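Enquirer: Sharing a model that was predicted from the sequence below.
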Amino acid sequence: MDQTLLTPAPYFDADALRAQLTSLWKEHSSQESTMRAKMLTLLKQVVDDARAAAERQLRADGNGRKCAQGLSCFQDEFIGVIYDYTVAHVYRAKNPSSAERMSVIATGGYGRGLLAPGSDIDLLFLLPYKQTAWGESVVESILYMLWDLGFKVGHATRTVRQSVKLAQADMTIRTSLLDARLILGDKALFDELLAGFQKQVVAGSAREFIAAKLEERDARHTRSGASRYLVEPNVKDGKGGLRDLHTLYWLARYLHPEKAIEEFVEAGVFSRAEYITFQRSEDFLLTVRCHLHFLTGRPDERLSFDLQSAMAERLGYREHRGQRPVERFMKHYFLVAKDVGDLTRIVCSALEVKQLTTAPALKALLAPMTWRKRARLRKTSDFKIDNGRINVAHGKVFKQDPVNLIRLFWLAEKYNVLFHPEAF
């Protein structure tokens, strides 16, 4: 594709759009229904053009991360235009008080700066004190405009105090605030939220949060299918999908809130190789998800049989050595899902070793290794059970007897236990 035909994010001129909306206001402000109809027509065209530009870019470079970042950038600028129009023309505060401040905050995937074509727009309207008539009117005006344009918006309007209190009681709200990002408005108010969240919610609660996220992951896998090799996998919620990577990110973010994702290697969360695997897997799954949403025209997360061939074509797979494009695509998908599963197991094992999470009680009751078996293993071999996983008894196990490497795999199979991360 001719690169000159590609429009960079945010895909439109925000200042020019503000000027157009101001002209419409001046011309039709006395005719509310006419004004709104013309405004919606103009904004709908901007949205359609932006989505088309994002899809052209995706088809040209195959970069799903760039597509998701571009759509997030578009949404930021677009919401900014609507907000500015609302407070300048519709609900102008002539003498604003200290209560008439607001921060518009992105949360969830949108907060991470990654937005698939069919993703929800998760917004938090943050206020300093209780809701005012001005604040309520501005929020309603923005939301109704987004809804009328076809966006699916998850939203909440809260004070800092309410946000912190709800995050203490609700893991979903707590997780969403991990990804909070200021779009526009009062930065001091946003900084107050972050400080309160870290001090009153995150501090000292790592074990509780990690246990809740891993339990949530297990429940999600049960709902979507426990195997990562389902013939119609769910790209977002399935085993080995994007949500598993999100879970790893949330765990790392909770433990190291001051670190950016690229600093997790330095913090000891990932090795360099594991970080590369994380990024590569997320890049692939983001690309698949963006193509899937554009192909179906809706937030479809399941790679159903009838879509797999078309997806392979869009992703550029070709027949090779007798393998059809769709076969090569699905093989690649399952290899990535396996990488995500391996990465999840390694990180969660490390957390268990650090005693930041423990096996659920039911799993402990059903564990194949009774204390007698553990004692027998320790007495008759160079291995031991360490936090439910097989580990070496000392650092020279393999050097003293290389056959112990084979014994390790044999014993793990015999007793149906996973490897300890320090076993090798």
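Expert: Nice, I can see it. Numbers count the residues shown, from 1 in each chain.

Enquirer: What is the burial count for the closest residue in space to residue 304 that isn't next to it in sequence?
Expert: Of all residues not flanking residue 304 in the chain, residue 232 sits nearest, at 5.0 Å (Cβ to Cβ, 6 or more residues apart in numbering). Every residue, glycine included, has its C-beta placed from N, CA and C. By other Cβ atoms under 10 Å, the residues close to residue 232 number 13.

Enquirer: Can you tell me the SS state at residue 232?
Expert: coil (DSSP: H, G, I helix; E, B strand; the rest coil).

Enquirer: how much space is there between it and residue 240?
Expert: 14 Å (Cβ to Cβ, to the nearest Å).

Enquirer: Which residue ranges of the stretch 201-350 of the chain form helices?
Expert: Counting by DSSP state H, counting those that start in this stretch, the stretch 201-350 of the chain has helices at residues 206-224, 242-255, 272-296, 305-314, 325-353.

Enquirer: could I get those as TSV with mean neighbour count?
Expert: Formatted as TSV, the helices of the stretch 201-350 of the chain follow (neighbours: other Cβ atoms under 10 Å):
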stretch	mean neighbour count
helix 206-224	16
helix 242-255	21
helix 272-296	20
helix 305-314	16
helix 325-353	18
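
Enquirer: Now mean pLDDT too, for these, in JSON lines please.
Expert: Shown next, in JSON lines, are the helices of the stretch 201-350 of the chain (pLDDT from 0 to 100):
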{"stretch": "helix 206-224", "mean pLDDT": "85"}
{"stretch": "helix 242-255", "mean pLDDT": "94"}
{"stretch": "helix 272-296", "mean pLDDT": "97"}
{"stretch": "helix 305-314", "mean pLDDT": "96"}
{"stretch": "helix 325-353", "mean pLDDT": "86"}
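
Enquirer: could you redo those as a markdown table and give each row distance to residue 16?
Expert: Converted to a markdown table, these look like this (distance: least, Cβ to Cβ, whole Å):
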| stretch | distance to residue 16 |
| --- | --- |
| helix 206-224 | 43 |
| helix 242-255 | 35 |
| helix 272-296 | 26 |
| helix 305-314 | 32 |
| helix 325-353 | 41 |
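
Enquirer: between those, which gets nearest to residue 95?
Expert: helix 242-255 (40.8 Å; Cβ to Cβ).

Enquirer: Next, the angle helix 272-296 makes with the closest one.
Expert: Between helix 242-255 and helix 272-296, the angle comes out at 130 degrees (axes from the mean of the first three to the mean of the last three Cα atoms, to 10 degrees).

Enquirer: Please tell me how far helix 242-255 is from the chain's geometric centre.
Expert: 8 Å (Cα atoms, centre = their mean, to the nearest Å).

Enquirer: cool, and stretch 334-348?
Expert: On Cα atoms, centre = their mean, the centre of stretch 334-348 falls 16 Å from the chain's centre.

Enquirer: ok now do the residue nearest to residue 304, which residues does it touch?
Expert: 302, 303, 304, 305 (Cβ atoms under 8 Å, 6 or more residues apart in numbering).

Enquirer: Any stretches of this structure with poor pLDDT?
Expert: Within the chain, the ranges that satisfy pLDDT under 70 run 1-4, 96, 224-229, 352-371.

Enquirer: Can you tell me how far residue 307 is from residue 57?
Expert: Using Cβ to Cβ, residue 307 is found at 21 Å from residue 57.

Enquirer: Repeat that for residue 243.
Expert: Distance, residue 243 to residue 57, using Cβ to Cβ: 25 Å.

Enquirer: next one: residue 153
Expert: According to Cβ to Cβ, residue 153 stands 24 Å off from residue 57.

Enquirer: Who has more neighbours out of the two?
Expert: Using other Cβ under 10 Å, the more surrounded residue of residue 153 and residue 57 is residue 57, with 22 against 15.

Enquirer: how is this structure carved up into domains?
Expert: The chain breaks down into these domains under automatic domain parsing: 3-202, 206-353, 361-415.

Enquirer: and those domains as TSV, adding distance to residue 423?
Expert: Converted to TSV, these look like this (distance: least, Cβ to Cβ, whole Å):
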stretch	distance to residue 423
domain 3-202	32
domain 206-353	10
domain 361-415	5
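
Enquirer: out of these, which comes closest to residue 424?
Expert: Closest to residue 424 of these is domain 361-415 (Cβ to Cβ; 8.4 Å).
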